[in-house]
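>>> dropping the sequence and predicted coords here.
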Amino acid sequence: MSSGRKELFPNATDAEWRDWRWQLRHGVRSLAELERYIPLTDDERRGCVETSGIFRLGISPYYLTLIDPDHPYCPVRMQSIPVAEEAHTHPGELRDPLGEDRHRPVRAIVHKYPDRVLLLAVDHCSVYCRHCTRRRITSGAE
């Protein structure tokens, strides 16, 4: 059992907790929801506001229990919760760092190499990692 599960999700049964559909349905998707579970820093709060509409926020209940609520430099926390700087593009930063967009003959296919194809089966994730190189695809903007 994950640390914090009973404190954060006391009504979740073992069967629900192990069900990926339950995890998706009960994921944190907004600043207001996130603040119910974790005390945020000012930078994280600004990050949630400034990245809203640019990049999705999403943290599954399981992942939420992995975050140290008292440690702003917890690696899982930093991977899951946006900060204000994330909303700004810096010189030299690429929107498509893997160079995939020019190899997308249709929306859900990346055909970068002649002998293989990447099928993007879904455009959403259970957790939106802040470092994701495909977040332009999962942003909801397409």
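In hand now; what should we look at?
>>> how about the residue nearest the centre of the chain: what's its closest non-neighbour residue?
The centre of the chain sits closest to Tyr128, judged by Cα atoms, centre = their mean, with a distance of 1.1 Å. Excluding the flanking residues, the one nearest Tyr128 by Cβ to Cβ, 6 or more residues apart in numbering is Gly58, at 4.4 Å. Backbone N, C-alpha and C define where each C-beta goes, glycine included.
>>> again, but for Ile38
Pro69 (4.7 Å).
>>> buried residues, the longest helix along the chain. List them.
In the chain, with assignment by DSSP state H, the single longest helix is helix 42-51. Residues of helix 42-51 classed as buried by neighbour count (16 or more other Cβ atoms under 10 Å): 44-48, 50-51.
>>> hey, C-alpha coordinates of the helix or strand just after it in PDB?
Once helix 42-51 ends, the next helix or strand along the chain (criterion: DSSP states H and E) is helix 61-66. Extracted C-alpha coordinates of helix 61-66, given in PDB (Å, rounded to 0.1, in the frame of the first residue of the first chain):
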ATOM      1  CA  PRO A  61      -4.100   9.300  -6.700                       C
ATOM      2  CA  TYR A  62      -1.300   6.800  -6.600                       C
ATOM      3  CA  TYR A  63       1.200   9.300  -7.800                       C
ATOM      4  CA  LEU A  64      -0.200  11.900  -5.300                       C
ATOM      5  CA  THR A  65       0.700   9.500  -2.500                       C
ATOM      6  CA  LEU A  66       4.300   9.400  -3.600                       C
END
